[in-house]
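*Asks:* model this:
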Amino acid sequence: MSGATPEGSNRFAMKMIEQGLPPAAYPVLGRTGLKGSALGFGTYRVTNEDPKHRAALLKAISLGCNVIDTSTNYTDGHSESLVGEVLRESGIERDEMILISKIGYVQGQNLDLVLQREQGPHPYADMVKYMDGCWHCIHPEYIQDQLEKSLERLGVDRIDFYLLHNPEYYLMDQLNRNPDQRLDQVRDIFYDRITRAFRKLEEAVEEGKISYYGVSSNTMGLGPHERTMVSVNQLWEIACHVAKDKNGNPYQNHFAAVQFPANLLETDAFLNANAEDDLTTPEFCKQKEIAVFVNRPLNAIAANKMVRLADLKIVKTEKSVAEHLKIVMGLEEEFNESIATQFETPEGTPKPDSLFVWGHELAQANLKSFGLEQWKHIELQVIRPQVNHLCTAIDSQLQGPVAQKWKDWKEDYLTELGSLLESIRSDFSKQSKKQLAKLATRVDEMLPESLKNETLSRKALAVLINTPEISCVLNGMRSEAYVKDSMGALKLERFKIDKASYQKLTV
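*Replies:* Numbering: from 1, shown residues only. Next up is the predicted model:
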């Protein structure tokens, strides 16, 4: 089973064009000759353990998506496994599908293996121990090991694009540990590591395990004076140097793709000179025929807050957050006075009177420091699961009269806590909607009339799809309904987006 080919990807594109997609939905990816869908399937937080994710990917392929982006660390390898399983189940020809995977993060089971090796005589070299639970490495030996695992999980013998995943972790780590050290020395070591990684990736091309390589970086769009900036210009020069050493021709390198975040609020990559002749990263890549993939098209980071670029539904609440807090705190005090005294918790665990404290915690928290997306994460991934876990544990412990008292209290508490959380979410939604309304007005000024009634998320995708330097917009899509809505952006009327357009967005 070989990789994607120009012939295969063109065959896929022609089938979809016959079904109604416009030819512009399949641009050529740089100098590779591959035709990729302008909207690709991002698999961050996608796993083979969720049938909905499997159905979403199958739906995306059926609607014309032939670019799939994954990584060794996404859901601890389960993302790559899902991609491989779906490719086999779909019956799609391998040469029609363009696979991207990435290497660099050391987390989960990979971190466990690295820690085991740390105890022996031959630990991996150049390991960036950034923080507990998140290390990083692009050493050739680690690349070799991870590439074999990626191929196995994907069930293929070749990956089309294999990217170094946020290598700037080395810069961040060094500058965090010693902010006063000379930046030029840190960057020299950084680009030396990139050089050795590129040599290994050129070997992987020669072995037929990958077709092309590149770099995915969150800082590639920054200006040259930013300390953690990754220069696309230097990456290109390194690739040329490695190729010249290998075969005498600097232009016979296989550095053919970059990836970075871009959306309506994060426009730095289109405005900051990052390369020679004052070119931006996308402009430089266009000149060198390097494919440009962008991620996070609908999840923007602005003022250190995550902002979802989508139309928001506001849930109306009868009481204010302060009123809900008062009720929840009253119930928590009632629990401590009449129920917490009736049972004990195991030694080393929180005492009964400190189990239900979210009302008091939220009353003291600086909620203004959060954005809607951060709040949704706290609510859905922290507060609700923790409270449900506590309730289940206490259900199995209490008996007799106190059990009925607990049952009645629990019903009231879960209802009132739920109302409090909804009220907080409603306030955040109102704030976000107000902020996004200003952005939507600026976006509408650059859209053709036919797009002005589209949802904000479709408008956001359309702006990126119509940016000529962008080859493919990678969108994380975990449900069939979301896939259908997003893929519909490929059928929208085309229009022109340029640097001036992005400058207007930042006003």
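*Asks:* Residue 49 touches residue 79, doesn't it?
*Replies:* No. Checked against CB atoms under 8 Å, the pair residue 49 and residue 79 is beyond contact range at 10.5 Å. C-betas here are computed from N, CA, C, even on glycine.
*Asks:* of these two, who's got more company?
*Replies:* Neighbours around residue 49 and residue 79, counted as other CB atoms under 10 Å, are more numerous at residue 79. The numbers are 27 against 11.
*Asks:* and residue 91, what pLDDT?
*Replies:* Note for residue 91: predicted pLDDT of 89.
*Asks:* what about residue 320, how many neighbours?
*Replies:* Neighbour tally, residue 320, other CB under 10 Å: 11.
*Asks:* Now it: closest residue in space, sequence neighbours ignored.
*Replies:* Distances taken as CB to CB, 6 or more residues apart in numbering put residue 423 closest to residue 320, at 7.1 Å, once the chain neighbours are dropped.
*Asks:* just checking, what packs against the helix or strand that contains that neighbour?
*Replies:* For residue 423, the host element (DSSP states H and E) is helix 401-444. Applying 3 or more CB pairs under 8 Å, 6 or more residues apart in numbering; DSSP states H and E, we find helix 401-444 packed against strand 305-308, helix 321-338, helix 358-364, helix 372-377, helix 384-395, helix 456-465, helix 499-505.
*Asks:* Report the mean per-residue pLDDT for it.
*Replies:* Rounded to a whole number, the mean pLDDT of helix 401-444 is 90.
*Asks:* and the helices and strands packed on helix 401-444, which is most packed in?
*Replies:* Mean neighbour count (mean count of other CB atoms under 10 Å) peaks for helix 456-465 among the helices and strands packed on helix 401-444, with a mean of 23.
*Asks:* Would you map out the domains in the protein?
*Replies:* Using automatic domain parsing, the domain ranges for the chain come out as 6-311+455-505, 321-439.
*Asks:* To residue 445, which of the ones you listed lies closest?
*Replies:* domain 6-311+455-505 (7.1 Å; CB to CB).
*Asks:* Run the chain-centre distance for the closest one.
*Replies:* 10 Å (CA atoms, centre = their mean, to the nearest Å).
*Asks:* end to end, how far does that domain reach?
*Replies:* Start-to-end span of domain 6-311+455-505 (CA to CA, to the nearest Å) is 36 Å.
*Asks:* Likewise for stretch 451-460?
*Replies:* Using CA to CA, the span of stretch 451-460 from its first residue to its last is 11 Å.
*Asks:* any idea of the mean pLDDT for it?
*Replies:* Averaging pLDDT along stretch 451-460 gives 95.
*Asks:* Contacts for it, please.
*Replies:* 263-264, 297-298, 309-311, 436, 440, 443-444, 447, 462, 485-486, 488-489, 492-493, 495 (CB atoms under 8 Å, 6 or more residues apart in numbering).
*Asks:* go with 10 Å
*Replies:* 263-265, 297-298, 300, 308-312, 433, 436-437, 439-440, 443-447, 461-463, 465-466, 473, 475, 482, 485-486, 488-489, 492-493, 495 (CB atoms under 10 Å, 6 or more residues apart in numbering).
*Asks:* do stretch 382-393 as well
*Replies:* Stretch 382-393 has contacts (CB under 10 Å, 6+ apart) with 345, 349-350, 355-356, 358, 361-362, 375, 378-379, 406, 410, 413-414, 417-418, 420-421.
*Asks:* Leaving out chain neighbours, which residue sits closest to residue 142?
*Replies:* Nearest residue to residue 142 in three dimensions, chain neighbours excluded: residue 124, at 5.1 Å (CB to CB, 6+ apart).
*Asks:* I'd guessed that neighbour sits against residue 111; true?
*Replies:* No. In this structure, residue 124 is not within contact of residue 111 by CB atoms under 10 Å, at 11.1 Å.
*Asks:* Name the residues contacting each of these two.
*Replies:* In contact with both residue 124 and residue 111: residue 135, using CB under 10 Å, 6+ apart.
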